[in-house]
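Peer 1: Just need the structure, nothing else, for what follows:
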Amino acid sequence: MKHVFSAFLAGFLTVAAHAAALPECNKPHRSHGAVDACLAKALGYAKIARAREEANTLASMRDAAGGSGKIIDQQLIRSYGASKLAFDKYLKSYCAWVPNTYTPKIEAPQAMTACEVDLLRMRTAQLKGSYH
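Peer 2: From the prediction side, this is the model:
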């Protein structure tokens, strides 16, 4: 339980510190195109970091299983795979909704991209604290 709370806390603190992709990219006097480019770059970095951390987490799970092939280890790895799919579904649906919560002057594609960056950063932080 302590491990789960620590992972949650690490993820929460990272999101609190980084849940700002749009403000990061939307500096004063930046053009619309510059904001789009900044968000695209941030999204690329966030996707790479998530993929790397997912691979590290899966490797750690397999190492911990030690190739034992125990049913519980197989279930753990399957449930991890299911969590990845559930996160992707959540990311897509939530970030499609987010633009509706912004003021009209924010472009919907920018709000969606910023949402993806923020959630990917959160997921990466959670994975870093989960099974290493």
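Peer 1: Longest helix in the protein, please.
Peer 2: Among the segments of the chain that qualify as a helix by DSSP state H, the longest is helix 32-65.
Peer 1: which secondary structure elements does that one contact?
Peer 2: Helices and strands touching helix 32-65, by 3 or more C-beta pairs under 8 Å, 6 or more residues apart in numbering; DSSP states H and E, are helix 21-25, helix 71-97, helix 108-128. For the C-beta atoms, the positions are set from N, CA and C on the backbone; glycine is no exception.
Peer 1: Go through it and flag the buried ones.
Peer 2: Buried positions in helix 32-65, judged by neighbour count with 16 or more other C-beta atoms under 10 Å: 35-36, 38-39, 42-43, 46, 49-50, 53-54, 57-58, 61.
Peer 1: Rank those residues by pLDDT and give me only the lowest.
Peer 2: For the buried residues of helix 32-65, the weakest pLDDT value sits at residue 61, with 81.
Peer 1: was I right about that residue contacting residue 77?
Peer 2: Yes: with contact defined as C-beta atoms under 8 Å, residue 61 counts as touching residue 77 (5.8 Å).
Peer 1: which one of the helices and strands packed on helix 32-65 lies closest to residue 31?
Peer 2: helix 21-25 (11.2 Å; C-beta to C-beta).
Peer 1: Using neighbour counts, pick out the buried residues of the closest one.
Peer 2: Per 16+ other C-beta under 10 Å, helix 21-25 contains these buried residues: 21-22, 25.
Peer 1: Kindly reformat those residues as TSV and extend each row with pLDDT.
Peer 2: Below are those laid out as TSV (pLDDT from 0 to 100):
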residue	pLDDT
21	92
22	88
25	91
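Peer 1: and of those residues, the nearest to residue 110?
Peer 2: Among those, residue 22 lies closest to residue 110 (C-beta to C-beta), at 6.4 Å.
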